[in-house]
Structure formats: structure tokens, C-alpha cells
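Chemist: below is the structure, and that's it, no one-letter string:
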């Protein structure tokens, strides 16, 4: 049977190879040539940052100087550190590692984005810590469970924890590194800003042995899951104090993207099957309501109606995520759509209006984002399709042609004209160049499939590291899952003890009748039963969704009929008032009750309006209603407005703008630096008139984490079958259960 399956798989490979024959074929030498071109691209940008911008956060490639953007902690240096290791520049990695290791903490009176600090600083420090031994940095005996950069990462996370001290467990968007949550901080946070911590926080807990970080991130994840709509979708912004959605647009782009990404990556890195179940159930709703011809539009989270037929640049991560769960076919379909946009302009704009087939107004830029090349790299590793190399070369050539400057690579301000903007975000060196490099470096240690590994002796025993399977955080910082197991898993002695105990149980004659074995027929029956149970649960979910949509439709009809009745009554009152006015002389007209404007309003109507507002609160919320209820010139929409999103964007109230995101008010990179006197006075004020720290009780916070506030189905915690990859061969999937063993080469 196994040989038959292998022959069938070989036939499929022959067929797929013949289908891909129309694309360019690339030898290793061809790939290495492009790899060296990417290396030169990185080196040009990195050297320019060191020469012109360090110690500022980012390089301005047109002005050839630097600017602080996210926290004044030399962001690009930390963000790019593990890229040096991936590219084999171990001498520079060691030099920068030692510079950063001299720092004792991140104590500073500055407000920072919780989201950005986590993915860029915490993720960068953990990754560099785990790369240290490979790069030749002398490490202590306790490594990877101890180390200076790991201590710094823990210090940063401790300073972020106060943001999570909310009734829901979902974090504020901003925190002061010294004083906690700033006074008056908005409680409105985007979905990605709530659900993008489990990779970094989980890794930190497993490496240090302190579970509070992983539990904090899981509480936020479960809170989001609990607040899904009845049809299984999440909105874009939520009030972290009340748990109420303030922006009901559902999508996979800005403000939501890395939530779905971290469900998959967190499940794989930490072996938490409940996260994978959340992704698979959540994806059902995404595919049912968002997917339109392999694009994913924005819809209303409550009824699934399309509100914005747009493709966002940030959505290009989706095919890469699908490849991680084995759906390479669905991934390639969406990737082909995205690549066509790139071919149309030479870049992917921030927003592309699919319905109109053009760039969305005011969103024409391309800030050197990595999401498209990230998905291309993952899919090339999964399929080997040479078309994907073509797509990667397209991206490399476009950036080289249009974004190069004497001092680095610049943001493309407009994909129509290829004009440039004076900014190079740190993720260009952390992500874009790294994914490009890995695309063209098939033998990189990151791609290790477990063929080789390093055996390391630690206080916990002997560990096997660098065997592959690296999990990238959303800023492309790779984390070795074996290191987490080394510091928090069972020791070699404990594993042997467990195996011995199980063997004793099996061989015990008194228990032999209870032991049924795990043979192939039994496993097939188990899998078939599981598939039937999953299909039944899916039908039940779909039935509930249909019932809820029908309820919403009936409510909408009733609300429309009621509104029509009130409008008729209002028109009747207005007509009677006009008739009464005409029958009286002008001297007796009470101007306080009747106005002469054609859109006549009077005191009676005020009561009606209040009644209307009360009714509206009890009605289902639809995008169209929400847009109509707020005048276009209304200045009052601050609660739903400004919150930092994934990659520095904000969502605005749908009523105030036809779009869903607008550029965030960032630091003005063209603004001149304040003079020395002003800076000195500012420093003195911070030193002698410090802001009082917000009280944060770690013990009370820990107690909250232990409460089962947002429970999930207990069976999800142990259903490790959900972690298997359907893209793997039939026989390989059985290997994980132990029924089949690979045949040795003759």
C-alpha cells in the first residue's frame, strides 16, 4: 500500500512539473547571483544607517540623516541584528550584540506603542539571543535559558505588562516605559494590537520559566475570541475596558492581519492546539464572507455585507499563512492576484480598489513592505514552483530600480509615478531583505529540515538545537522552537522515566486486556470519526449563522418599517404646523416653536429624535445605518479614531470617511531638530518633575490570569491532531503517530 501511495505521489510530481515547465528554470548558481544582489542591498542600507542615522531609530535616505520614530532606542540596529546572522555576517553581529548587551534595562520616560515595541524590540532581542552561539558569541553555561539579551527582552516585557491590566485582559495601545499606562490614554485598540503577543511572550515564558508572559498573551487571545460576532468575524477596533467594538469592519488587512498570523505561529511554536482550532474555525468565517474570487474584501462583522472592495498591501501575508497550514492551492490563488497588482505598477500600493481596477486615492504609497515576498518565500519552500522565483526576481528588480538612493532605499511615495519619500522603516532590513535573501539561498541554515542539529549541554541536561522549524514573528525575527523545549520541556531523564513507566504498564499482565494498540485500521476509524464530528460541528455553526442572519434581516425590516412610520408622523406634524402658521397672523406666530426653514424642525421633534436614538441603540448595527447616522461635518468621532495599527496605521470611524484606514500622524521627518537649549530644558523637566507612575500590582494581575475568564472548549487543549499538516504525504502524516517508519536506503 505504501509503495502504491509513493507511486501516486511521484505521478503527481511529474504532472505538476510538466505544468510548471513554461516558467524560467533556475539553477543554484542563478539563485546565488540574486542572493548576492540582496546581500549588497542590505549592506548598502545597513552601512548608510550606521554612517548617517545611528543612534536614531530610522534612516532618512534622501536627507542622509536619522530620525526617532518609535521610541528613541536605535530601533533599526536591534531590528536588523538577526538579519546579519542569517546572511552569515557573524563578525558584525558579534560587535552589535556586545554593544546592546552593555545596556542594563530600557528604563526611559517615553510613551511607546505596545504592539511595535513587542514585535520589533522584544522579538529582535529574543531572536538575537538565540542566534548568539551560532554566530560565535561566547555564551554562558546556562544559555539558551539565560543571557544578557534575554534579560533585556524580559525587562521590556515587564514594562509592557501594565498595558494588559484591564478588565478584559486586552491591552492599551500605548504605555510609558517608566510609568505605565499614560493618564488619559484611549482604551480603543485594534485587533492586531490585542492579538499579536503570543509568539514573543510565549517564547519568553518558555525560555525564562516564568509563565506570566504566556498567560498574559493567551488571556488577550481568548478575550478576542470571546468577542467575535455571531457569524464568527472580528471587527477592527475594540474598547479594551468595555469589550465593545468601536469599528465593525472585518478583514484580514490593517489592524487585523497579525492576529490570524499569530494563531498559526503561536500554535506551532508553543504546541497549543487551541490556537490552531481558533484559526481553522475563524478561517471558515473569513472564507465564507470575505473571500470574493480569491480577494479578501472588508465586510461588516455583524452581517457579512461587503463595505470596501479593496486589497491592502498588508493582506499579502495571507498566502504565506495558508502555506503553514497546508493549503498551498488556496494560497497560490490569492498570491497570483496580488502579483498581478505588482506587475501593474511595479509595486503593490497600500490600497488597491479591486472593483475599479486601480489605486485607491490617497493610498498610493509602498513603504518597502515585506508581506508579498514573505508569502512568495514560504510558498517556494513548500512547492518549489519556479514561477515563484520569477515573482521574487520581479520584487528585487523593482526595488533596485526605483527605491535606491545614495544613502539607502526609500519609501515609494506613489506607485504611479515612482516618486520617493524620505523614510526607510526598520522592517526593510528586518524583513524585506531577509525574506528576499532566504528566497534565493536554498541552503541557508534557516531552511534546515532536521537533517543536522547541534547538541548542547545545559543545566537542564542535553539539548538538541538548530534542527530547523524556525518560527518567524511578524517582524521576521526567527525563533528556534527547540530552544524553548530545552528550557521548559521534560529533561532527557524525565522522558526516559515516562517511557519506562508506559512500557511497564503495557507489559503488565493485569492490564493487557485494557491495551488495544494503535494499529492502522484503528487509526483510520478514529480519523474518519473525527472528520464526521468536525463536519457535524461545522454544519451546526453554519446553521446558527444562518439563523442569526435571518434574525438580523427581520430586525432590519422591522426597523425600516418603524422608521418609515415615524417619518410619516413627522411629515404630518410639519404639515399641520405649516397650516397653523398660515392661518394665524404674523403677530401671533411663536418663533420659538416654528422655524421658517424648509427643513422645518421644532421642539416636538426633539423628543422624537431622542426616541429615535433610543430605538437605534436597540437595533442591529449596519454599516449603512452607521454612515447615515452621523453628519459628514460632525467633529465628534474621537472614540473610534486614533489607535496604532499593525505597521503604523489607524482606523477611522466609517461615518467620517468612505475608507477604513488613514495615514497615522507620525513624527514629521522633515521637521528640524529642536535647538540644544530647548532639549536641555526638556531633559531637566523630565528629571526633576517626573510623572507619577500608575500603580501596577503584579500579584493582583497574576491572580486575574489564573481566573478562567474567557474559557474555551476543553477538548481544544488536547486535540493535537489539528496540528497535523494536510499538505504532507499520507504516509508521513501516519509517521507522527508511529504506525509507519521510513524505509532505510539500500
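Modeler: Thanks, I have it. Owing to the predicted nature of the structure, the values given are computational and were not obtained by experimental measurement.
Chemist: and residue 715, how many residues sit next to it?
Modeler: 11 (other C-beta atoms under 10 Å). All C-beta atoms are positioned from the backbone trio N, CA, C, and that covers glycine.
Chemist: assumed it was part of a strand.
Modeler: No. Using DSSP: H, G, I helix; E, B strand; the rest coil, the secondary structure at residue 715 is helix, not a strand.
Chemist: gap between it and residue 381?
Modeler: 32 Å (C-beta to C-beta, to the nearest Å).
Chemist: who are the contact partners of the spatially most central residue of the chain?
Modeler: Centroid-nearest residue in the chain: residue 258, 0.8 Å away (criterion: C-alpha atoms, centre = their mean). Neighbour list for residue 258: 119, 192, 195-196, 317, 474, 646 [criterion: C-beta atoms under 8 Å, 6 or more residues apart in numbering].
Chemist: can you pull out the low-pLDDT segments for the stretch 251-400 of the chain?
Modeler: Residue ranges of the stretch 251-400 of the chain with pLDDT under 70: none are present.
Chemist: quick one: the strands in it, in order.
Modeler: Under the criterion DSSP state E, counting those that start in this stretch, the stretch 251-400 of the chain carries strands at the ranges 291-292, 295-296, 298-300, 306-308, 310-312, 351-353, 358-359.
Chemist: now render those strands as JSON lines, adding mean neighbour count.
Modeler: Output for those, formatted as JSON lines (neighbours: other C-beta atoms under 10 Å):
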{"stretch": "strand 291-292", "mean neighbour count": "14"}
{"stretch": "strand 295-296", "mean neighbour count": "20"}
{"stretch": "strand 298-300", "mean neighbour count": "25"}
{"stretch": "strand 306-308", "mean neighbour count": "20"}
{"stretch": "strand 310-312", "mean neighbour count": "25"}
{"stretch": "strand 351-353", "mean neighbour count": "22"}
{"stretch": "strand 358-359", "mean neighbour count": "18"}
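Chemist: isn't residue 407 right next to residue 47, touching?
Modeler: No. Using C-beta atoms under 8 Å, residue 407 makes no contact with residue 47, being 9.5 Å away.
Chemist: neighbour count for those two, which is higher?
Modeler: Applying other C-beta under 10 Å to residue 407 and residue 47 shows that residue 407 carries more neighbours, namely 23 against 12.
Chemist: look up the closest residue to the more buried one, ignoring the ones flanking it.
Modeler: residue 64 (4.1 Å; C-beta to C-beta, 6 or more residues apart in numbering).
Chemist: please narrow the contacts of residue 258 to those residing in helices.
Modeler: The helices, defined by DSSP state H, take in 192, 195 from the contacts of residue 258.
Chemist: identify the farthest-apart pair in the contacts of residue 258.
Modeler: 195 and 317 (14.0 Å; C-beta to C-beta).
Chemist: ok, those two, which is more surrounded?
Modeler: residue 195 (28 against 24).
Chemist: packing partners of the helix or strand where residue 574 lies?
Modeler: Using DSSP states H and E, residue 574 falls within helix 520-583. With contacts taken as 3 or more C-beta pairs under 8 Å, 6 or more residues apart in numbering; DSSP states H and E, helix 520-583 sits against helix 273-289, helix 603-617.
Chemist: distance between the longest one and the chain's centre?
Modeler: In other words, helix 273-289. Centre-to-centre, helix 273-289 and its host chain are 15 Å apart (C-alpha atoms, centre = their mean, to the nearest Å).
Chemist: can you check stretch 100-114 too?
Modeler: Worked out by C-alpha atoms, centre = their mean, stretch 100-114 lies 23 Å from the chain centre.
Chemist: I'd assumed residue 407 was in contact with residue 52.
Modeler: Yes. Here residue 52 reaches residue 407: they are 5.7 Å apart, a contact under C-beta under 8 Å.
Chemist: for residue 399, which non-adjacent residue is closest in space?
Modeler: residue 409 (6.4 Å).
Chemist: burial count for that neighbour?
Modeler: Count around residue 409 with other C-beta under 10 Å applied: 25.
Chemist: you'd agree residue 323 is up against residue 377?
Modeler: No. Residue 323 lies out of contact with residue 377 (C-beta under 8 Å); the separation is 9.6 Å.
Chemist: buried residues in the helix or strand harbouring residue 223?
Modeler: Counting by DSSP H and E, the element that carries residue 223 is helix 212-226. Buried residues in helix 212-226, counted by 16 or more other C-beta atoms under 10 Å: 212-225.
Chemist: name the element residue 420 belongs to?
Modeler: Using DSSP H and E, residue 420 falls in strand 419-421.
Chemist: show me how far that strand is from its chain's centre.
Modeler: 27 Å.
Chemist: which residues sit against it?
Modeler: By C-beta under 8 Å, 6+ apart, strand 419-421 touches 61-62, 365, 367, 402-403, 405, 410-413.
Chemist: now, the residues you listed that are in strands?
Modeler: Those of these mapping onto strands are 405, 411-413, per DSSP state E.
Chemist: tell me which of these is nearest to residue 103?
Modeler: Distances from residue 103 to those, taken by C-beta to C-beta, are shortest for residue 411, at 29.2 Å.
Chemist: does that closest one touch residue 367 like I think?
Modeler: Yes. Counting by C-beta under 8 Å, residue 411 does reach residue 367; the two are 4.3 Å apart.
Chemist: now do the shared contacts for the two.
Modeler: 421, 423, 425.
Chemist: for residue 42, state which of those is nearest.
Modeler: For the shared contacts of residue 411 and residue 367, the nearest to residue 42 is residue 425 (14.3 Å; C-beta to C-beta).
Chemist: thought the closest one was touching residue 59?
Modeler: No. Between residue 425 and residue 59 there is no contact under C-beta under 8 Å: 9.2 Å.
Chemist: higher neighbour count, the two?
Modeler: Per other C-beta under 10 Å, whichever of residue 425 and residue 59 has more neighbours is residue 59, with 33 against 24.
Chemist: hang on, the earlier thing: now do the contacts for the residue nearest to residue 399.
Modeler: Taking C-beta under 8 Å, 6+ apart as the test, what residue 409 contacts is 41, 44-45, 61, 368, 399, 403, 424, 428.
Chemist: ranking those residues by neighbours, who comes first?
Modeler: residue 428 (31 neighbours).
Chemist: that one belongs to a helix, doesn't it?
Modeler: Yes. Residue 428 sits within a helix when classified using three-state DSSP.
Chemist: nearest spatial neighbour of it, skipping sequence neighbours?
Modeler: Nearest one to residue 428, counting by C-beta to C-beta, 6+ apart, is residue 368 at 4.4 Å.
Chemist: just checking, residue 434 touches residue 475?
Modeler: No. The criterion here is C-beta under 8 Å, and residue 434 misses it with residue 475 at 9.8 Å.
Chemist: more crowded one of those two?
Modeler: Neighbours were counted for residue 434 and for residue 475 using other C-beta under 10 Å; residue 434 has more, 30 against 27.
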